[in-house]
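J.: Need coordinates for the below:
(4 chains)
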Protein chains: 2
Amino acid sequence: MLTERQLLVLQMIIDDFIETAHPVGSRALSKKESIPYSAATIRNEMADLEEMGFLEKTHSSSGRTPSEKGYRYYVDHLIAPLSNQHSIKLIRNIIEDGFYEFEQIVQMSAEVLSELTNYTSIILGPELSETRLKQIQILPLSPHTAVAILVTDTGHVEHRTFTIPEEIHSSDLEKMVNILNEKLQGVPIIQLQEVFHREIAGLMRKYIRDFDKPYDYLQAIFSQEHPVKLYIGGKSNILMQPEFNDVDKIRSFYTMMENEDEIANLLKNSKHGIGVSIGNENEVDAIKDLSLITASYQIGEGQMGTIALLGPTRMEYRKVISLLSSLSNEMSEALYKWYKSSD
Amino acid sequence: MLTERQLLVLQMIIDDFIETAHPVGSRALSKKESIPYSAATIRNEMADLEEMGFLEKTHSSSGRTPSEKGYRYYVDHLIAPLSNQHSIKLIRNIIEDGFYEFEQIVQMSAEVLSELTNYTSIILGPELSETRLKQIQILPLSPHTAVAILVTDTGHVEHRTFTIPEEIHSSDLEKMVNILNEKLQGVPIIQLQEVFHREIAGLMRKYIRDFDKPYDYLQAIFSQEHPVKLYIGGKSNILMQPEFNDVDKIRSFYTMMENEDEIANLLKNSKHGIGVSIGNENEVDAIKDLSLITASYQIGEGQMGTIALLGPTRMEYRKVISLLSSLSNEMSEALYKWYKSSD
DNA sequence: GTTAGCACTCATTACTTCTGAGTGCTAATT
DNA sequence: AATTAGCACTCAGAAGTAATGAGTGCTAAC
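T.: Numbering: from 1, shown residues only, chains lettered A, B, ... in the order given. Sure, this is the predicted structure:
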């Protein structure tokens, strides 16, 4: 168990280090007003804290830096929530503007977020699993090309241009679209391909002669991957952090950031509510010297997406955590309203 | 005027430097098979070439590096076109696959391009000035929300979700869409807002009572910015270049790359055909120590877009120039076919 | 329990020296 | 007259050394 004084020292060291990125020495600490002890006393406490694993030294005669365990303790016990009216207002303005589509809101939030924090923000867009097909439309552009447009009940629009095979005549096309709409409306996006294959393909064969080629094409339209949308903001912000003073670090960071799949995985497994992974607590090797703060936002019952901030382990946890939790509330609320009005 | 031998020396120095990034010395050059002269002779030629401004030294006893003037001469006179069957095949495969929409092709090309070269590729998407509205559709999602979908004759789809003001009734909505389609089909995207304002607003006032609110909303739909699409590929590729060994350089590079407007401007002014801007020849300060190779691609008569590669002045001009010119041909051709089949 | 004092450590910086790749010039060679 | 060998000279970069100072751990005094 830590004494009052040890808590104070630990907190002050971490706060100081987060601010300055320089190891904190006993003398400097003792000069602060809120600590009435001498450097020697503090040195003793520091030694104890180090023994317990909360602090580290970069070399034998350096000041102390927080260890990952130290940060963990700090996050779990030492941070008082911080109100950030101002930041929230910024984001609320975007959301309430009313002119932006949901995905735009998400993207703009990512940018604001990374600007407010100077870390890199990552937002995993709403999962499509819950959204359903509202309408499908095929619009001929020319005798041989057409664009297929899928609209979901959340207002998400996907489209795909394709060449019309010779075998299909425009009357057939109309028939097909009618059947598709009749049978597929309300079907969850994620099951489209399956339902199409199971229920519709057969039906169509009856109405449309020579269906094999068209079948392939429609198949292709539905098989379009529905990648989870990933928004990344402020990739270059993180370069301002003194931790990234090394060309190799920058290289490996950017190389990782280009692999969107990996990042998506990172966030997919994040837990409900606020999650904090410090350094080696992260399962992905590439960010074992960074910290990742995640916040899930919801719509109705099912979880839908994740907002995250990626920064050095020396992160402004207090600010970031309260910011993210407010943001996730705002977004959940906005989504809830939206969803409700759609019923 | 340069002698044969000077040309040879200049060419070999530049080739060598492009490959290795190390200043080239006389002794190393004299050892190459294609040069039958001694180091001393070459030193004399080098001194002359330096005096003429084609070469530089990094310090008084270093080997020579090409000056910008040297690169310029190299590009203008010394590079033989290079055939790159292999690379072209890669890209042609993407284009001819037939399943991709035009914008996807552009984006994928950008990625392939930067992978083939290890530079950063920038593609300025087709200008919308020439494309026309094919159809407008408004699809209600719920009693109070709807999504507006605009489709152009090139198969480009834009959409926007908005809240339906209380004043509009669904029958009115239908009427409006009919009028819009009737009047706006075939209008160039870029003039949509103007035409709407000039010809339609008045008409609608006749049919729909209480039109002021709806007017604002429609206005908003058409005023949606139609930003020129910019695709950037391989931002982190360029980190592998030894020129980017310095954290500050990396910072300023990435900071620039986040300013899409600036980049778009860079390319907008690029000339017809292939353009090569070396170092200070660039008008934008941020890339005065880089080289930019641009190639325009066309559709029918009007210029439509630009492909570019950004790399260090020590760039593989030969490879890049021939690659870009092939690519621009491929794309122009593909676009031409597409456009033709749309008529 | 707290603090002053002192010897000790070690990253960082500045200052040297050494090395080697490369030059420019001159004199000898072809 | 053109080419080359030879040699003194330059300078970046590596390697080694010394000085500096922020910081520690420990002991003894308060």
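
J.: Tell me, how many residues neighbour the residue nearest to A:Ala286 when sequence neighbours are not counted?
T.: Distance criterion CB to CB, 6 or more residues apart in numbering or on different chains; nearest residue to A:Ala286, sequence neighbours excluded, is A:Met256 at 4.2 Å. For glycine as for every other residue, the C-beta is placed from the backbone atoms N, C-alpha and C. A:Met256 has 18 neighbouring residues, counting by other CB atoms under 10 Å in any protein chain shown.

J.: For chain A, just list every one of the strands.
T.: Listed in chain order, the strands found in chain A under DSSP state E are A:55-57, A:64-66, A:120-124, A:133-142, A:145-152, A:157-163, A:230-233, A:274-278, A:290-298, A:303-312.

J.: which stretch among those comes nearest B:Ile263?
T.: strand A:230-233 (17.6 Å; CB to CB).

J.: which regions of the stretch 101-250 of chain A lie under the pLDDT threshold?
T.: Along the stretch 101-250 of chain A, the parts satisfying pLDDT under 70 run over A:101, A:127-130, A:165-168, A:208-211, A:213-214, A:223-227.

J.: Which one of the residues in it is closest to DNA strand D?
T.: A:Val247 (14.9 Å; CB to the nearest atom of the strand).

J.: From A:Thr58, how far off is that residue?
T.: Distance of A:Val247 to A:Thr58, given as CB to CB, to the nearest Å: 20 Å.

J.: Between these two, which has more neighbouring residues?
T.: Between A:Val247 and A:Thr58, A:Val247 has the larger neighbour count (other CB under 10 Å), namely 15 against 10.

J.: for that one, what are its contacts?
T.: Taking CB atoms under 8 Å, 6 or more residues apart in numbering or on different chains, we find A:Val247 in contact with B:239, B:244-247, B:250.

J.: Close to DNA strand C: what parts of chain A are there?
T.: Counting by CB under 7 Å from any atom of the strand, the residues of chain A close to DNA strand C are A:36-41, A:44, A:58-62.

J.: Test my guess that A:Leu173 contacts A:Ile138.
T.: Yes: here A:Leu173 reaches A:Ile138: they are 6.1 Å apart, a contact under CB atoms under 8 Å.

J.: what is in contact with those two at once?
T.: With CB under 8 Å, 6+ apart, A:Leu173 and A:Ile138 have common neighbours A:Ala146.

J.: returning to what we had before: please tabulate the residues of chain A next to DNA strand C in CSV and include distance to DNA strand D and pLDDT as additional columns.
T.: Output for those, formatted as CSV (distance: CB to the nearest atom of the strand, whole Å; pLDDT from 0 to 100):
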residue, distance to DNA strand D, pLDDT
A:Pro36, 16, 91
A:Tyr37, 13, 93
A:Ser38, 10, 93
A:Ala39, 7, 94
A:Ala40, 5, 94
A:Thr41, 9, 95
A:Asn44, 7, 95
A:Thr58, 10, 94
A:His59, 9, 93
A:Ser60, 7, 91
A:Ser61, 4, 90
A:Ser62, 6, 93
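
J.: Max pairwise distance over those: which two?
T.: A:Pro36 and A:His59 (29.3 Å).

J.: Give me the more crowded residue out of those two.
T.: Shown here are A:Pro36 and A:His59; by other CB under 10 Å, A:Pro36 has more neighbours (9 against 6).

J.: how about that one, what does it touch?
T.: If a contact means CB under 8 Å, 6+ apart, then A:Pro36 has no contacts.

J.: what about it, distance to A:Met12?
T.: Between A:Pro36 and A:Met12 the computed distance is 12 Å (CB to CB).

J.: was I right about A:Met46 contacting A:Pro66?
T.: No: in this structure, A:Met46 is not within contact of A:Pro66 by CB under 8 Å, at 11.5 Å.

J.: how is chain A carved up into domains?
T.: Per automatic domain parsing, the structural domains of chain A span A:4-78, A:85-127+A:228-342, A:130-223.

J.: Could you dump these into CSV and include distance to B:His77?
T.: Compiled in CSV, those are given as follows (distance: least, CB to CB, whole Å):
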stretch, distance to B:His77
domain A:4-78, 52
domain A:85-127+A:228-342, 36
domain A:130-223, 44
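
J.: out of those, deepest packed?
T.: domain A:85-127+A:228-342 (a mean of 18; mean count of other CB atoms under 10 Å in any protein chain shown).

J.: which residue ranges form the helices in the stretch 51-200 of chain A?
T.: With helices called from DSSP state H, counting those that start in this stretch, the stretch 51-200 of chain A shows them at A:68-73, A:85-96, A:102-117, A:170-184, A:192-195.

J.: List the contacts of the shortest one.
T.: If I follow you right, that is helix A:192-195. In contact with helix A:192-195 (CB under 8 Å, 6+ apart) are residues A:133, A:183-184, A:187, A:219, A:222-223.

J.: May I have that helix as PDB, with CA atoms only?
T.: Taking Å, rounded to 0.1, in the frame of the first residue of the first chain, the C-alpha atoms of helix A:192-195 are listed here in PDB:
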ATOM      1  CA  LEU A 192     -27.200  -9.700 -48.800                       C
ATOM      2  CA  GLN A 193     -25.000 -12.100 -50.700                       C
ATOM      3  CA  GLU A 194     -26.300 -15.100 -48.900                       C
ATOM      4  CA  VAL A 195     -30.000 -14.200 -49.300                       C
END
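
J.: So A:Leu150 sits against A:Arg132, correct?
T.: No: counting by CB under 8 Å, A:Leu150 stays clear of A:Arg132, with 10.8 Å between them.

J.: Would you mind listing the residues touching both of these two?
T.: In contact with both A:Leu150 and A:Arg132: A:Ile189, using CB under 8 Å, 6+ apart.

J.: OK, contacts around A:Thr294?
T.: A:267, A:270-271, A:274-277, A:306-308, A:324.
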